[in-house]
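[1] I'd like to go over a predicted model; first the sequence, then the structure.
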Amino acid sequence: MAPRASWKGYLRLSLVSCPVRLYPATSASERISFNQLHKDTHNRINMKPVDPELGLVERSDLVKGYEYEDKKYIIIEDSDLESVKIESNHTMNIEAFVDADSVDVIYQDAPYYLAPDGAMAEETFVVLREALRRSGKLAIARLVLSSRERVVTIGPRETGMFVCTLRNPNEVRGTADYFGNIPVGEPDPEMLQLAEALIEQKATTFDPKKYEDRYEIALMQMIREKLKGHKPIIAQAPERGNVVNLMDALKASLSQSKPPARSKPKDVAAAKEPAAKTAGAKRAPAKSVVAKPAAKKKA
């Protein structure tokens, strides 16, 4: 079954445009979720709309309302929403191009995939994709999703494009309330050097497959044990000791996380092998002489 597009419209750059489809790049369908049940009947609870005066009401009787004053609403019909038409309802018009690292990660919100809508759109789509790839830039555009205009970035990804919606600046909290009391001074040079050495030891290439959700795995294991009628195994979190001295803790961390020894080249290992065997024979001649006949007898 083909994936369902979240949005269909046109991608436009100046006078060039092509029909495109937007698809969610992530899915939460594999996450463990729970239903609300009654504790005695185990029947699933239905969340029904309740009016304070009328009690239970039908969903067909619900309308949208905007609260313009306390407990005062103006009713918004579907036709009212449809009448609000702007360009980004159906067109992603590229307004600017920026460097990728100039978009602060705190503004990045939901990821999407962008693909051409039909074979006729592929040529134009490929031209725009490759132009973005060669420029090393991200395009800035707008589109309406869920009755709201969103600013988005557009960039190349494999044979398609990657779209990320951006948060509105008024949704991002300032840092003063959280970082205002943190000291600005330089740390101790020796401790800083130890911390940098610890970072260097643990430096690697990011692979998301290495960072699976351990809580979700443990949760599923508990559910499977309960399905079998077994008592769930409770895993205890490791005890953490109190860090008394930061310098000692950094030094201890470095000693505990030494990288594995690098393997020697084959030619060097081969050159040293005869000498190692000779030295081993000199250290324990009796043992080596006895071991050989025993092996033959066993065969």
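    Received it, and whenever you're ready, just let me know what you need.

[2] in this structure, which spans are strands?
    7-13, 16-24, 50-51, 55-56, 64-69, 72-76, 91-93, 96-99, 108-116, 137-144, 149-157, 160-166 (DSSP state E).

[3] could those strands be laid out in a markdown table, adding mean pLDDT, distance to residue 202 and mean neighbour count?
    (Glycine included, C-beta is placed from N, CA and C.) Below are the strands of the chain laid out as a markdown table (pLDDT from 0 to 100; distance: least, Cβ to Cβ, whole Å; neighbours: other Cβ atoms under 10 Å):
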| stretch | mean pLDDT | distance to residue 202 | mean neighbour count |
| --- | --- | --- | --- |
| strand 7-13 | 93 | 41 | 19 |
| strand 16-24 | 94 | 33 | 18 |
| strand 50-51 | 92 | 54 | 10 |
| strand 55-56 | 90 | 57 | 8 |
| strand 64-69 | 91 | 51 | 10 |
| strand 72-76 | 91 | 53 | 11 |
| strand 91-93 | 92 | 41 | 20 |
| strand 96-99 | 95 | 29 | 12 |
| strand 108-116 | 95 | 25 | 18 |
| strand 137-144 | 94 | 30 | 20 |
| strand 149-157 | 95 | 29 | 20 |
| strand 160-166 | 96 | 28 | 20 |
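
[4] hang on, residue 62 packs against residue 50?
    No. With contacts counted by Cβ atoms under 8 Å, residue 62 stays clear of residue 50, the gap being 11.3 Å.

[5] Now do the helices in the stretch 151-299 of the chain.
    With helices called from DSSP state H, counting those that start in this stretch, the stretch 151-299 of the chain shows them at 176-179, 189-202, 214-227, 246-256, 266-283, 285-298.

[6] rank those helices by pLDDT, which is bottom?
    Note on the helices of the stretch 151-299 of the chain: lowest mean pLDDT is at helix 285-298, with a mean of 40.

[7] which residue is nearest the middle of the protein?
    In the chain, the C-alpha nearest the mean C-alpha coordinate belongs to residue 208, at 7.9 Å (Cα atoms, centre = their mean).

[8] Tell me the spacing between that residue and residue 103.
    21 Å (Cβ to Cβ, to the nearest Å).

[9] Columns distance to residue 176 on top of the strands of the chain, output as CSV?
    Listed next are the strands of the chain as CSV, based on distance: least, Cβ to Cβ, whole Å:
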stretch, distance to residue 176
strand 7-13, 37
strand 16-24, 35
strand 50-51, 42
strand 55-56, 47
strand 64-69, 30
strand 72-76, 35
strand 91-93, 35
strand 96-99, 26
strand 108-116, 22
strand 137-144, 28
strand 149-157, 25
strand 160-166, 22
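
[10] Out of those strands, flag the one nearest residue 203.
    strand 108-116 (24.0 Å; Cβ to Cβ).

[11] Run through who's touching that closest one.
    With contacts defined as Cβ atoms under 8 Å, 6 or more residues apart in numbering, strand 108-116 is touched by 6, 11, 18-26, 122, 124-125, 150, 152-154, 157, 160-167.
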